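J.: Sharing a model that was predicted from the sequence below.
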Amino acid sequence: MTLFDKYSSLFLSGFGYTIMASLLALVASLVLGTVFALLQLSKKKGWAMVGNGYVQFFRNVPLLIITLFFYLAVAKVIKMTGFAAGTIALSLYTSAFIAECVRAGILSVDTGQMEGALANGLSYGQAMRKIILPQAFRIAIPSLGNQFINLVKNSSILAFVGGLDLMYQGNIVAANSFDTFTAYMIVGAFYLVLTLPLSYFMQYLEARTQGNQ
Amino acid sequence: MEKNKKRLFGIIASILLVAFLIIAGVWAANAAQKNQTHQDTLERVKTTKQISWGVKTDTKLFGLVNTKTGKSEGFDVDLAKALTKQIGKQLNLNLTPTFTPVNASSKVQLLKNTNIDGVLAVMTITKERAKVVDFSDSYFPAGNSLLVKKDSGINSIKDLNDSSKTVLVALGTTAADTVKKEAPNAKILALQDYASAMQALKAGQGQAIVTDNAILYGLATENPDYKVVGGTLSYGPYGVAFDHNQKGMVEETNKALATLKKNGTYNALIKKWFGQVPGLDISQLEVK
């Protein structure tokens, strides 16, 4: 553990950037994912195609390529750091998977719910927001949890574009100390510190929401 | 109540699991290190009749993979071949060289794990590194320099000493230390390798790449819009690296290197790889 003592400031600053990137991407991908799930299910063919195209594109392209696209190509037009490029790419990539989770959640809500809501005079938007989505999210919680955990781990993509995150600092420590193994063990432990509580939080949410049923 | 107890148990169990994983990892690392201390590289070379060299795959002029053959080619690779032959002559054995790709962060670990016998991968001899590996005599006189866009107006490291400037370096090189010393206000960004650093420079993510001049000349040949400036910032000759306490192997290598320098093989290799580089005077590199 002397390696940690010596480089603790690097590890901790990396940890901070990883938390920040993960939180930003988590919020952004949840919002984007929900929007595109709704687009996919839209009755208007054009909107459904836009939603479907977005999901298929970002779900099927490696995260590294999306990241490099923002870091190397987009950055020529709009200036952005590696941190920004990585976080944007991570948000877009994860949102495609979240859109699928949310879509599956919406589809598994009984159709009678929507019919009933419409029959009671709610508009489509109101019915979605007040009746369908709350139930859909409850169903989607376990798979959303999977996506969130993947998101935290995938944030290591920032290291490839100088994003100052945990993996970036881990690479630097490994290269400077020549103790690659211990350096990455410490990095791994830090990721667990993030992902384990997240897992438990999702389990807790699941237990709580199921209890209401 | 029941539920809370279960949850508490789960949390404690996972904390224990993490602690266990960390302890197991540290223990495994220590055990692995102990196992390696008694491996003699020269003995291993004699028994296996081959020398396994770690070489670069992404560094033009030193070790760059030829896309047709899939093998690394460059000064490091050719020198490794010549050294293997010469060491073989000294030991009266017919040695064959084999090559393993390494990068800045893996090369020392691979040496320690005895996956490779020696490293010939643009590795600068430094005091810190000499604590963990053994170096041969220097085989190439390198030094850190700057690569900038031709119209950037940057002519020396002093022009970069500003918090608005970002200097790109490759991970695990000595360049970051040089920049910290010469331009303490500049931001430093470490990229995975030289190719990524070059891409980032082109994308405007930084104003200059700092690394060994020999590598920068390689990058400048490929990218005519960029030029090497700033002279030599720090002298950092390359050495062949072996695992720690490999006196026998280091002595054989030094002997072989001296012979190659004397019989003209070394100069021929310098001419082969650096003769065509624009702006580089190879008479500085040749041994007399």
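T.: Structure received.
J.: Every contact and neighbour count from this point should use C-alpha atoms.
T.: Fine.
J.: mind checking which helix or strand of chain A has the lowest mean pLDDT?
T.: Lowest by mean pLDDT, DSSP states H and E among the helices and strands of chain A is helix A:75-77, with a mean of 85.
J.: What are the buried residues along that helix?
T.: residue A:75 (16 or more other Cα atoms under 10 Å in any protein chain shown).
J.: Is that helix positioned near chain B?
T.: Yes. Residues of helix A:75-77 are located near chain B by Cα under 8 Å from any Cα of the partner chain, namely A:75-76.
J.: Could you check how far residue B:107 is from residue B:172?
T.: With distances taken as Cα to Cα, to the nearest Å, residue B:107 is found 10 Å from residue B:172.
J.: again with residue A:92
T.: Relative to residue B:172, residue A:92 is positioned 31 Å away (Cα to Cα).
J.: Looking at chain A, which residue is nearest chain B?
T.: Per Cα to the nearest Cα, residue A:175 is where chain A lies closest to chain B, at 4.6 Å.
J.: phi, psi of that residue?
T.: As for residue A:175, its main-chain torsions (degrees, to the nearest 10) stand at phi -70, psi -30.
J.: Spit out the contact partners of it.
T.: Residues in contact with residue A:175, defined by Cα atoms under 8 Å, 6 or more residues apart in numbering or on different chains, are B:104-106, B:171-172.
J.: where does the chain dip in pLDDT?
T.: Picked chain A for this. Within chain A, the stretches with pLDDT under 70 are A:1, A:211-213.
J.: other chain: chain B
T.: Within chain B, the segments meeting pLDDT under 70 span B:1-3, B:30-38.
J.: Off-centre distance for the strand ranked longest in it?
T.: Ranked by residue count under DSSP state E, the longest strand found in chain B is strand B:226-235. Strand B:226-235 sits 19 Å away from the centroid of its parent chain (Cα atoms, centre = their mean, to the nearest Å).
J.: go on, stretch A:130-143?
T.: Distance, centroid of stretch A:130-143 to centroid of chain: 17 Å (Cα atoms, centre = their mean).
J.: tell me which residues in it are buried?
T.: A:131-133, A:135-143.
J.: where does the closest residue to residue A:63 other than its chain neighbours fall, helix, sheet strand or coil?
T.: Once flanking residues are discounted, residue A:63 sits nearest to residue A:93: 6.4 Å by Cα to Cα, 6 or more residues apart in numbering or on different chains. Three-state call for residue A:93 (DSSP: H, G, I helix; E, B strand; the rest coil): helix.
J.: same check, this time on residue A:11
T.: helix.
J.: That one and residue A:166 touch, don't they?
T.: Yes. Assessed by Cα atoms under 8 Å, residue A:11 is found in contact with residue A:166 at 6.2 Å.
J.: who has more neighbours, those two?
T.: Neighbour count, other Cα atoms under 10 Å in any protein chain shown: between residue A:11 and residue A:166, residue A:166 has more, with 29 against 24.
J.: you'd agree the more buried one is up against residue A:17?
T.: Yes. Residue A:166 is within contact range of residue A:17, at 7.1 Å (criterion: Cα under 8 Å).
J.: before we move on, back to that, how about the buried residues of stretch A:130-143 in TSV, adding distance to chain B and secondary structure?
T.: Compiled in TSV, the buried residues of stretch A:130-143 are given as follows (distance: Cα to the nearest Cα, whole Å; DSSP: H, G, I helix; E, B strand; the rest coil):
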residue	distance to chain B	secondary structure
A:131	29	helix
A:132	29	helix
A:133	28	helix
A:135	24	helix
A:136	25	helix
A:137	23	helix
A:138	20	helix
A:139	21	helix
A:140	22	helix
A:141	18	helix
A:142	17	helix
A:143	20	helix
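J.: just the helices in the stretch 101-250 of chain B please.
T.: Per DSSP state H, counting those that start in this stretch, the stretch 101-250 of chain B carries helices over the ranges B:107-112, B:127-132, B:175-182, B:194-202, B:213-222, B:247-262.
J.: quick one, which of these is packed in tightest?
T.: Counting by mean count of other Cα atoms under 10 Å in any protein chain shown, helix B:107-112 has the highest mean neighbour count of the helices of the stretch 101-250 of chain B, with a mean of 23.
J.: Spell out whether that one and chain A are in contact.
T.: Yes. Using Cα under 8 Å from any Cα, helix B:107-112 reaches chain A at B:108-109.
J.: can you dump the C-alpha coordinates of that helix into CSV?
T.: What follows is helix B:107-112 as a C-alpha-only set of coordinates in CSV (Å, rounded to 0.1, in the frame of the first residue of the first chain):
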residue,chain,number,x,y,z
LYS,B,107,7.9,-2.9,-20.7
VAL,B,108,9.2,-3.1,-17.1
GLN,B,109,6.5,-5.4,-15.9
LEU,B,110,7.2,-7.8,-18.8
LEU,B,111,10.9,-7.8,-17.9
LYS,B,112,10.1,-8.5,-14.3
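J.: mind checking how far that helix is from the chain centre?
T.: 11 Å.
J.: Just give me the neighbour total for residue A:56.
T.: Count around residue A:56 with other Cα under 10 Å applied: 14.
J.: My guess is it contacts residue A:94. True?
T.: No. If you go by Cα under 8 Å, residue A:56 and residue A:94 don't touch, sitting 11.9 Å apart.
J.: Now do the contacts for residue A:114.
T.: A:127-128, A:131-132.
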